[in-house]
Structures are given as structure tokens and as C-alpha cells.
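1. my questions concern the predicted model and sequence given below.
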Amino acid sequence: MIRDVAGSYRRALQCTVQHYCGWQPSSAEIDALKAEGSWNNDWDASLELLRRHGTDLPDRAALIDVFSAFYFGGDPEGDPSQWTGFIGDEPLLVDASFFATLTQRKLRWGFVSGAEPPSARFVLEQRLGLVDPPLIAMGDAPDKPDPKGLIHLAKALGAEGKEAQVAYLGDTVADVHTVMKARESWPEQTFISLAVVPPHLQTAEQAPARRIYEQRLQEAGADRVLRNTAAVLSWEGAAA
């Protein structure tokens, strides 16, 4: 996890649902839905929340347009400097030096993201300054928890056999399930699930909710729950 999406993707999800039915799901309600492990795609999560609220479901393409208007506030394929949406409210959780350190330790890295390609590229290339980073974004592979994207990236980075560990860090149950399914699909390869609790649950006031979230990640199969993304550098698997 490299950015805090509480004020962007999650906010767009809340506003999209509210746009159609007048009800805005709480952060806790979104967390509970995500904990089921099947709603990594925020468009589908929006539709599911509407369905559970008893609202007649809109056309999916129309909902995507509404969501994008909130999130991008402009043409997703257009000039990012013209975007006025919530994407501008995404604090970064790491900087370029994080990836430089991974490279110095001879660790290969890449991204499997459920975000739209313009959003993912904007963060990775323009905000973090990464040059042509290995990326599997929305549309490049089936949505998580389908493991095809993770497996494709692992192979592209040169993983082969038990000795080449593939660690995947995510902040949702779907991310953990992706690793579990990758193990089933490619049993000859070692996959490790690293998990982290999203920033909106890392305040003192949210301590009880954080513990519940961590428990759900562990129950899903996470091998290690880290305190934050930067803690990957002190995890023994990333040692020099």
C-alpha cells in the first residue's frame, strides 16, 4: 500500500452510493464489506452496497461515470493537471527512496493494483517519480482475488521455484486471498502474504477497529501483519 485512499477512492465510493440513494455508507460499513474478500473493485462494491440498501441498481457503466466524476473530476485519460476530483487528496505512504532501498538490496518489485491505469500511473510515475515501474492495473488481469495478475508479475520479475520468495503486501482481505489462490495455482512457487491495516484505522481512537481488522487479515491467511508499508524494510525477508 503506497497511498492513503480514505479521502479519495473510499470517499468516491461513499458519494457514489449517496448519489443514487441518499444514504452514505460509513467507513466501518465499507470495511465490513471489504472484509468479505470479494469486493476489491470499488465500482462493484458501490453496486453491492446499493443492492443491500434495497436500491434499484443503476446501469454499471453509468455508475462508473458517476464514480469517475467524483474520483478524477475530469477525463481519466486526459491531462492530470486538469483533474479536480478526490484523487488530489491522496497522501503518499512511502517515497521514492523506499523503492531505491529495495533495489539496493537486490529485491525486485512491482505493483498489482485494482486502480484504473491512469490513477496508478499518475501516482507511480508522476508523484513518486518511478520510471516505467512494473505494473498490473485494472483491466490488465482479472480483479483480485483472482491470482493471475500476481502470478504474471511474479514471472515477469523472474520468480521461479521455492527459493525465490514472492512477497505481496496489501491492505485488504482480497489481497490476502490473492496470495492464497496464487499458492494453489502455482504450488511450486513460494508466496508470502504481508498485510497492513489502512491508515484510517491507525489512530488511537480506532484501536478496537484496528484489532478486528488485523484479526480478519490473519484469519484470511496473512503470514505477517506489518505496522505500515515502510516496515517491509525491517521484515527479515527483505534483509540485505
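-> The structure has been received and is ready for your questions.
2. for Asp140, what are its contacts?
-> The contact partners of Asp140, by C-beta atoms under 8 Å, 6 or more residues apart in numbering, come to 117, 149. The C-beta positions use only the backbone N, C-alpha and C, and glycine is treated the same way.
3. quick check: phi and psi on it?
-> Note on Asp140: backbone dihedrals following degrees, to the nearest 10 are phi -80, psi -20.
4. how close does it sit to His53?
-> Distance, Asp140 to His53, using C-beta to C-beta, to the nearest Å: 32 Å.
5. so where is the protein shaky, pLDDT-wise?
-> The model of the chain has pLDDT under 70 over residues 236-240.
6. what about the helices in it?
-> For the chain, applying DSSP state H gives helices covering 9-21, 27-34, 42-52, 60-71, 96-104, 117-121, 148-156, 173-185, 207-220.
7. redo the ones you listed as CSV? Include distance to Asp79 and mean neighbour count.
-> Below are the helices of the chain laid out as CSV (distance: least, C-beta to C-beta, whole Å; neighbours: other C-beta atoms under 10 Å):
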stretch, distance to Asp79, mean neighbour count
helix 9-21, 20, 20
helix 27-34, 30, 17
helix 42-52, 23, 19
helix 60-71, 15, 17
helix 96-104, 23, 13
helix 117-121, 11, 20
helix 148-156, 28, 19
helix 173-185, 31, 21
helix 207-220, 37, 16
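8. need these in JSON lines (columns: distance to Trp235).
-> Output for those, formatted as JSON lines (distance: least, C-beta to C-beta, whole Å):
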{"stretch": "helix 9-21", "distance to Trp235": "26"}
{"stretch": "helix 27-34", "distance to Trp235": "24"}
{"stretch": "helix 42-52", "distance to Trp235": "28"}
{"stretch": "helix 60-71", "distance to Trp235": "32"}
{"stretch": "helix 96-104", "distance to Trp235": "11"}
{"stretch": "helix 117-121", "distance to Trp235": "24"}
{"stretch": "helix 148-156", "distance to Trp235": "18"}
{"stretch": "helix 173-185", "distance to Trp235": "15"}
{"stretch": "helix 207-220", "distance to Trp235": "15"}
